[in-house]
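>>> Fold the following, please.
(one chain, ligands or ions: 2)
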Amino acid sequence: MGTLFTESQKFNLPDADIVYYPQLFDQEEADSLFSHLKKSIAWQQDDIKVFGKVYPQPRLTALYAANEKPYGYANIVMQPKLFSKELLRIKTKVEEHSPVTFTTCLLNLYRDGQDSNGWHADDEKELGKNPIIASVTFGQERWFHLRYKKDKAIKQKILLQHGSLLLMAGTTQHFWQHQIPKTAKKIGERINLTFRVIT
Ligand SMILES: O=C(O)CCC(=O)C(=O)O
Ligand SMILES: [Fe+2]
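Ligands and ions are numbered 1, 2, ... in the order given. Below you'll find the predicted structure:
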C-alpha cells in the first residue's frame, strides 16, 4: 500500500503560502481512518461566546497532543489528551510534507451541512509568528473558503477531499481568514484534523 502519486497544487495568492495535496491517503486507508477516528476520538461540543452571547459550537471538536499544553481560542480553553498511535501515524505522514514537527492536533467533526466553522485566522499567540497549519480531511468533502483581509474581494475556494492535506504556512494567518461554510445540501460527516505547533 504505497503512496499513490497525485499532483500537489500551490496557490498563487498574495502574502500566502498554501499547498494542497489531494491524496495524502489512498481511498482505502482514508476510509479506515475515518471510521476509526469517528468512534475512538473523545468528541465534545463546547459553547462559544460571540458578542456576549453563548452558543453551542456548530461542530464537535477534540484536542490531542504530545504534551500537556492547553490551547485556547474564541473563549474556549481545551486540555489535550495524549496522541493515540493512529494520530501519531497520521502526524508522521503529514510531516513528510512539512519542515516542522507538530505537537498538537485540533480535530473537528462536521456532522452535516449545518455544521460549519466561521471566518477566522489561526493566529493565537501560542502558535508563534508564522504558524504552519496542516489540515487533513476524512469523509465528506467540503469547500474551504479563503479571503484576503486587506481586500475581501480577493478570495479562493478549495474543495477539501477525502484523504487530502492542505498546508498553510508563511504569513497566511496574518493576511488571510478562512472558513468552512454551511451548505443546504444533504451531505455526510467530515472529520478534519489540524496539526499545529504549540510551544
Ligand atoms: O475544517 C477545516 O478544514 C478547517 C478547520 C479550521 O480552520 C480550524 O480548526 O482552525
Ligand atoms: Fe482554522
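
>>> in stretch 133-142, what's buried?
133-140, 142 (16 or more other C-beta atoms under 10 Å). From N, CA and C alone the C-beta is placed, and that goes for glycine too.

>>> Is there contact, residue-wise, from it to ligand 1?
Yes. Using C-beta under 6 Å from any ligand atom, a contact is recorded between stretch 133-142 and ligand 1, made by residue 135.

>>> average pLDDT across that stretch?
This predicted structure assigns stretch 133-142 an average pLDDT of 98.

>>> what do you get for stretch 92-104?
Per-residue pLDDT values across stretch 92-104 average out to 97.

>>> With stretch 154-163 instead?
The average of the pLDDT scores along stretch 154-163 is 98.

>>> still on that earlier bit, which of the buried residues of stretch 133-142 lies closest to residue 96?
residue 134 (10.5 Å; C-beta to C-beta).

>>> From residue 35, how far off is the closest one?
With distances taken as C-beta to C-beta, to the nearest Å, residue 134 is found 22 Å from residue 35.

>>> Please apply the same query to residue 101.
Counting by C-beta to C-beta, the gap between residue 101 and residue 35 amounts to 27 Å.

>>> among the buried residues of stretch 133-142, which two are most distant?
Taking every pair in these and measuring C-beta to C-beta, the maximum separation is 20.5 Å, between 133 and 140.

>>> Beyond the host helix or strand of residue 179, next helix or strand please.
Mapping residue 179 onto the secondary structure by DSSP states H and E places it in strand 176-180. Elements were assigned by DSSP H and E; along the chain past strand 176-180, the next helix or strand is strand 190-196.

>>> now that next one: mean pLDDT?
Taken as a whole, strand 190-196 has a mean pLDDT of 98.

>>> So which residues make contact with it?
If you take C-beta atoms under 8 Å, 6 or more residues apart in numbering as the criterion, strand 190-196 is touched by 34, 37-38, 41, 71, 87, 90-91, 94, 102-110, 122, 127, 131-142, 160, 180.

>>> how far is that strand from where the chain is centred?
Strand 190-196 has its average C-alpha position 4 Å from the chain's average C-alpha position, going by C-alpha atoms, centre = their mean, to the nearest Å.

>>> Just confirm yes or no for that strand near ligand 1.
Yes. Looking at strand 190-196 against ligand 1 by C-beta under 6 Å from any ligand atom, the contacts come from 192, 194.

>>> hey, what's the nearest residue to residue 120 once chain neighbours are set aside bridged with?
Counting by C-beta to C-beta, 6 or more residues apart in numbering, residue 120 lies nearest to residue 177, which is 6.0 Å off, once chain neighbours are set aside. Taking DSSP bridges, one obtains residue 147 as the residues bridged to residue 177.
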